[in-house]
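Student: pasting the sequence and the predicted coordinates here, then a few questions.
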Amino acid sequence: MRYPKVQKKLEYIKGNVVIEEKVDGSQFRINVVDGNLILGSKNVDFGEKVVDYENMEKIPKMFRKAVDVAKSLKIQDNNVTIFCEYLEKPKHNALAYDRIPKDHLVIFDVYKDGRWLNYDEKAEYAKKLGLEVVPKLYEGELPDLETIKKIVYETESFLGGQTIEGVVIKNYEERLPFDWVDTNGIFCKYVRQEFRELNNKEWKHGKKDFLGRMVERYATKARFLKAVQHLKEQGELEGEMRDLPKLMKEFVKDIWEEDGEDIREEFIRYFKRDFNKLLIKKLPMWYQDYLFGGT
C-alpha cells in the first residue's frame, strides 16, 4: 500500500482532527505482506521480498541505513504498512536539525488490519518497534487557519534547531468525496511560507510577461533540488550530465503533481478575459445575420 496523496486544500477536511509535525525527510515505507518484507520510498519499491535486500548494492545508497534498520525490526504483524520519514543526517533536505530520529526513522502513520491506527495506537506501535513517532501538536475540532498558522510558526521541531517545516492535519474517519477513493482518511498539509518553494514577491504590472513570471515563480533552486532528491531516492542519478533528461522529466512531473491545480487557476485567471473577448467577437456579425433571416 502506498501513502495517499496529501491534499493541499483544507476545504476537504472537517470534524475532529489530529495535527502532527511534518518532518523534512524522505518517505520510507515498510510493508509486511503475506510474511514478506517489502520496502520502498515514495516513488519506488526496492524489491519484492526480504531476500532482495541482501545485496545492498542494488539499494539506492541514500536508503541503505533505512533498509538495515527495517530488516532488524521484529515486526510480528502480517499485512501491515508502516510509513516513516527517513533522515540520513540532520540536514537531509532543506532544514538542518540538531539530530536525526532514533535509527534514522520516525513513524508518521501505520495502516493495519484495513484501517489507520489512531495517534495513541500509532505511538504505542512505534514504541514496540523501538522507533520514534512524529509529535502530536493538537487534537480536537478543526481549528481556524490562524490557529494552524500559530502552531506552525511557534513550534520548534522535536529534532531541535529549527521551527517545524509545517504540519499534516489528519481525519482518519472521513473519506474524500471521489469515486476512486476506497479507504477512509483525509490528510492535508500546511507548510511554512518559506518552504512553499515559490517566489511570492509581488510583480509590478507589465514588468514581465505572464509565462516569464510563472517560470520565475516555479523554476527555483528548491524545486531543482527536490527533483534531484527524488531521483536519488530511486537510485536513478549517475552524477553526470546525461542525468538531465531524467531530471527534466522528474522536475516537470513534480511541479504539476504538487501545484498543477494552482497553475491551472492562474492560467484561467490570466487568459479568461482575452479568451472571452475572442469568443464574443464572432457573435455580433452572426446575430445581425440571424435578425435578417440568416441561419
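Tutor: Great, that's in hand. Numbers count the residues shown, from 1 in each chain.

Student: figure out how far stretch 24-44 is from the centre of its chain.
Tutor: Computed by CA atoms, centre = their mean, to the nearest Å, the chain-centroid distance of stretch 24-44 equals 16 Å.

Student: which parts of it are buried?
Tutor: Judged by neighbour count using 16 or more other CB atoms under 10 Å, the buried positions of stretch 24-44 are 24-32, 37-41, 44. The C-beta positions use only the backbone N, C-alpha and C, and glycine is treated the same way.

Student: which of the residues you listed lies closest to Tyr86?
Tutor: Nearest to Tyr86 among these is Phe28, at 4.0 Å by CB to CB.

Student: in the sheet, who's paired with the closest one?
Tutor: Taking DSSP bridges as the rule, Phe28 bridges to Ser41, Cys84.

Student: is it true that it touches Glu88?
Tutor: No - between Phe28 and Glu88 there is no contact under CB atoms under 8 Å: 10.5 Å.

Student: shared neighbours, these two?
Tutor: Residues touching both Phe28 and Glu88 comprise Ala66, with contact defined as CB atoms under 8 Å, 6 or more residues apart in numbering.

Student: spell out which helix or strand contains His92, please.
Tutor: Assigned by DSSP states H and E, His92 falls within no helix or strand.

Student: that one contacts Phe28, correct?
Tutor: No - contact status for His92 versus Phe28: not in contact, 11.3 Å apart, counting by CB under 8 Å.

Student: joint contacts of those two?
Tutor: Contact criterion CB under 8 Å, 6+ apart; residues shared by His92 and Phe28: Tyr86.

Student: doesn't Val152 make contact with Tyr138?
Tutor: No - the criterion here is CB under 8 Å, and Tyr138 misses it with Val152 at 10.8 Å.

Student: pick out whichever of these two has more residues nearby.
Tutor: Taking Tyr138 and Val152 together and counting by other CB atoms under 10 Å, Val152 has the greater number of neighbours (22 against 17).

Student: mean confidence for the helix or strand containing Val67?
Tutor: Using DSSP H and E, Val67 sits in helix 64-72. The average pLDDT within helix 64-72 is 91.

Student: what's in contact with it?
Tutor: Against helix 64-72 from outside (CB under 8 Å, 6+ apart): 28, 30, 37, 39, 46, 50, 53, 56, 59, 84, 86, 88, 103-105.

Student: what residues does the closest residue to Gly40 other than its chain neighbours make contact with?
Tutor: Sequence neighbours aside, Arg29 is the residue nearest to Gly40 in space, at 4.7 Å (criterion: CB to CB, 6 or more residues apart in numbering). Shown in contact with Arg29 (CB under 8 Å, 6+ apart): 2-3, 39-42, 81-84.

Student: tell me the contacts of Phe83?
Tutor: Phe83 touches 3, 27-29, 107-111, counting by CB under 8 Å, 6+ apart.

Student: swap in 10 Å and give it another go.
Tutor: Contacts for Phe83 were tallied using CB atoms under 10 Å, 6 or more residues apart in numbering; they are 1-3, 27-31, 42, 107-111, 116, 122.

Student: can you tell me the SS state at the closest residue in space to Asn93 that isn't next to it in sequence?
Tutor: Leaving aside its sequence neighbours, Asn93 sits nearest to Asp24 (CB to CB, 6+ apart; 4.8 Å). Put simply, Asp24 is coil when judged by DSSP: H, G, I helix; E, B strand; the rest coil.

Student: how about the nearest residue to Val44, chain neighbours excluded?
Tutor: Gln234 is the one closest to Val44 (CB to CB, 6+ apart), at 4.4 Å.

Student: which parts of the chain are helices?
Tutor: Assigned by DSSP state H, the chain shows helices spanning 64-72, 119-129, 145-154, 210-218, 221-233, 244-281, 283-291.

Student: count the residues that sit near Gly185.
Tutor: Gly185: 18 neighbours (other CB under 10 Å).

Student: would you agree it is in contact with Asn118?
Tutor: No - counting by CB atoms under 10 Å, Gly185 does not reach Asn118; the two are 11.1 Å apart.

Student: what is in contact with the two at once?
Tutor: Common neighbours of Gly185 and Asn118 (CB under 10 Å, 6+ apart) are 170, 172-173.

Student: will you turn those into a markdown table that also has distance to Leu225?
Tutor: A markdown table is the format used below for those (distance: CB to CB, whole Å):
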| residue | distance to Leu225 |
| --- | --- |
| Lys170 | 27 |
| Tyr172 | 32 |
| Glu173 | 36 |
